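J.: this one's structure only:
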């Protein structure tokens with residue numbers, strides 16, 4: 001293997017501009033792949049976050065007794081579509097209101113617990129369960145209003161689907177393009193070294209000594225592109241983390257878990273070996289008839 005690596009290194013040094021071009025194409029491919037995987041993982045976590053939040057909120061009428069509230073909670077605990085419930089009293093609602101509006105004292109004047117309704121926050125197991133739960137709660141005589149923020153989950157689900165479709169389409173196109181680039185560059189190098197290869201064949205060099213340096217060269221281009229794309233992606237995430245976290249609000253996704261980034265690096269390197277190996281092997285079989 002050391003001899004193969006030595007020949008591959010020599011081939012790369014002799015044509016540095018082709019090596020840079022091939023590595024840049026690999027960089028674009030894996031940069032798009034890493035961005036897609038990061039967006040897909042982030043959108044999935046955001047979707048899980050909102051799915052785990054209280055999705056149906058019911059507000060009780062004034063003077064609703066504790067017995068009525070307990071009866072509704074007990075009935076919901078037997079409902080298969082309900083994950084959990086959380087009762088918010090008028091005093092707790094006042095504390096939440098004060099916390100959310102503490103930066104604007106004018107909104108806190110004349111606001112007391114008596115004017116804020118008690119509520120029950122209901123978490124559904126799936127977004128599809130929101131409608132039936134809301135319809136069930138709207139029939140209760142002590143319920144004054146039912147809020148169902150199902151548009152948030154629906155929009156997030158649609159956005160996640162679009163990210164997957166667009167990302168997969170882009171990555172598939174760039175992967176095919178990268179295979180062709182590897183095939184053309186390795187094929188071009190084989191044509192340039194035709195006389196050298198013929199001499200090696202005449203002196204009885206084994207086929208593996210002729211083939212393997214080209215295959216390793218293609219793998220090197222792909223791996224270099226994958227590694228540089230991972231470094232750039234991680235650097236951009238680290239640099240823009242404060243801004244992105246302010247945009248995300250209460251959804252805590254940043255800073256990115258280092259284990260997640262290391263797993264992305266491992267996946268990228270594995271894919272790079274596959275792309276570089278297949279592309280260069282195709283070139284060897286196409287242009288190197290031995």
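T.: Happy to help now that I have it. Predicted model only: the values in this text are computed from it and were never measured.
J.: low-confidence regions, the stretch 51-200 of the chain specifically.
T.: 51-54, 105-113, 150, 152-153, 156 (pLDDT under 70).
J.: please enumerate the strands of it.
T.: 56-60, 82-88, 119-124, 143-147 (DSSP state E, counting those that start in this stretch).
J.: what's the angle from the third one to strand 143-147?
T.: The one in question is strand 119-124. The directions of strand 119-124 and strand 143-147 differ by 40 degrees, with axes from the mean of the first three to the mean of the last three Cα atoms, to 10 degrees as the criterion.
J.: so what's the gap between strand 119-124 and the chain middle?
T.: Relative to its chain's centre, strand 119-124 lies at 29 Å (Cα atoms, centre = their mean, to the nearest Å).
J.: equivalent analysis for stretch 135-151, please.
T.: 34 Å.
J.: and that stretch, which residues are buried?
T.: 136-137, 140, 143, 146, 148, 150 (16 or more other Cβ atoms under 10 Å). Backbone N, C-alpha and C define where each C-beta goes, glycine included.
J.: stretch 58-73 now?
T.: Quick answer for stretch 58-73 (16+ other Cβ under 10 Å): 58-60, 64, 68-69, 72.
J.: who touches stretch 271-289?
T.: With Cβ atoms under 8 Å, 6 or more residues apart in numbering as the contact definition, stretch 271-289 has outside contacts at 26, 29-30, 33, 175, 178-187, 190-191, 197, 210-211, 214-223, 225-226.
J.: pLDDT averaged over it - what is it?
T.: Stretch 271-289 shows a mean pLDDT of 83 in the predicted model.
J.: returning to what we had before: and of the buried residues of stretch 58-73, the nearest to residue 170?
T.: Nearest to residue 170 among the buried residues of stretch 58-73: residue 58, at 43.5 Å, using Cβ to Cβ.
J.: now do the contacts for that closest one.
T.: So residue 58 contacts 119-120, 122, 137, 140, 143, 145-147 (Cβ under 8 Å, 6+ apart).
J.: which of the contacts of stretch 271-289 are buried? Put it as a PyMOL command.
T.: Selection of buried members from the contacts of stretch 271-289 for PyMOL, criterion 16+ other Cβ under 10 Å:
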select buried, resi 26+29+30+33+175+178+179+181+182+183+185+186+187+190+197+210+211+214+215+216+217+218+219+220+221+222+223+225+226
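J.: show me where the stretch 51-200 of the chain has helices.
T.: Taking DSSP state H, counting those that start in this stretch as the criterion, the stretch 51-200 of the chain carries its helices at 66-77, 90-100, 130-138, 150-192, 194-202.
J.: helices or strands up against the first one?
T.: For helix 66-77, the packing partners by 3 or more Cβ pairs under 8 Å, 6 or more residues apart in numbering; DSSP states H and E come out as strand 82-88, strand 119-124.
J.: specify the angle between that helix and helix 130-138 in degrees.
T.: 150 degrees.
J.: and helix 66-77, how far out from the chain middle?
T.: On Cα atoms, centre = their mean, the centre of helix 66-77 falls 40 Å from that of its chain.
J.: again, but for stretch 170-187
T.: 24 Å.
J.: for stretch 258-266, same thing?
T.: 12 Å.
J.: in it, what counts as buried?
T.: 261, 264-265.
J.: stretch 193-209 now?
T.: Buried, per 16+ other Cβ under 10 Å, within stretch 193-209: 193, 197, 200.
J.: same question for stretch 27-47.
T.: Applying 16+ other Cβ under 10 Å to stretch 27-47 flags 27, 29-39, 42-43, 46-47 as buried.
J.: what comes into contact with that stretch?
T.: 153, 156-157, 159-160, 163-164, 167-168, 170-171, 174-175, 177-178, 224-226, 228-230, 232-233, 237, 248, 251, 253, 256, 260, 264, 267-268, 271-272, 275.
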